[in-house]
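*Asks:* attaching a predicted model along with its sequence, questions to come.
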Amino acid sequence: MRRRLYCLVPDTQSARAIVDELLLARIDDRHIHVLARDDIPLSDLPQATLFQRSDLFHGIEVGLVVGGLTGAAAGAVAAFALADSLHGGVILACAMAGALVGAWASGIISTDVRSTRLKQFEPALDRGELLLMVDTPKERVPEIESLLRRHREAHLEGEEPTIPAFP
């Protein structure tokens, strides 16, 4: 089980120093994510991907449910209006089609929506600070928190008990 630690740092120089220490502590760079305002170049820092910055998975989940329910309702109306003997099949097919279309459309829309998990960091990001997200095994959390606290300019902002299945 992994936990995600959140830490705010004032600039790229601080972020680079912390990332270097994390790498020396054997935290793989695919488990380190840096998020900043669009106008701040992150160059060689491990940048947050679409999955870390957006609500993509939440959007897909909502689209599946809403699209599936809408498709099932449309399928029920169509099946009964046509007096088709395959009511269940028509409803199921429409529900599945609706779920797929809903997930696709909602997924596309949600890529432009900042993650709800990151809302609390928006004021700091708007001020030009950088958000460092570190995914670490549960048993290493105290060690990594200690490493982050050694940097006086860094502000530990808590942890997320379980990170998403596909960070």
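*Replies:* Structure's in. What do you need?

*Asks:* the helix or strand hosting residue 13: which residues count as buried?
*Replies:* Element membership of residue 13 [criterion: DSSP states H and E] is helix 12-24. Buried residues in helix 12-24, counted by 16 or more other C-beta atoms under 10 Å: 12, 14-16, 18-19, 22. Every C-beta, even on glycine, is put in place using the N, C-alpha and C of the backbone.

*Asks:* min pLDDT across the residues you listed, which one?
*Replies:* Least confident entry in the buried residues of helix 12-24, by pLDDT: residue 12, with 84.

*Asks:* distance-wise, check that one relative to residue 91.
*Replies:* According to C-beta to C-beta, to the nearest Å, residue 12 and residue 91 sit 55 Å apart.

*Asks:* again, but for residue 101
*Replies:* 16 Å.

*Asks:* looking at the two, which is more packed in?
*Replies:* Using other C-beta atoms under 10 Å as the criterion, residue 101 and residue 91 rank with residue 91 on top: 21 against 15.

*Asks:* the more buried one reaches residue 82, doesn't it?
*Replies:* No: using C-beta atoms under 8 Å, residue 91 makes no contact with residue 82, being 11.8 Å away.

*Asks:* buried set for stretch 133-142?
*Replies:* Buried, per 16+ other C-beta under 10 Å, within stretch 133-142: 133-136, 140.

*Asks:* give me the residues contacting that stretch.
*Replies:* With C-beta atoms under 8 Å, 6 or more residues apart in numbering as the test, stretch 133-142 has contacts from 1-7, 22, 27, 31-35, 48, 52, 144, 148, 159, 163, 167.

*Asks:* ok, now with 10 Å
*Replies:* 1-7, 18-19, 22, 25-28, 30-35, 46, 48, 52-53, 117-118, 121, 143-145, 147-148, 157, 159-164, 167 (C-beta atoms under 10 Å, 6 or more residues apart in numbering).
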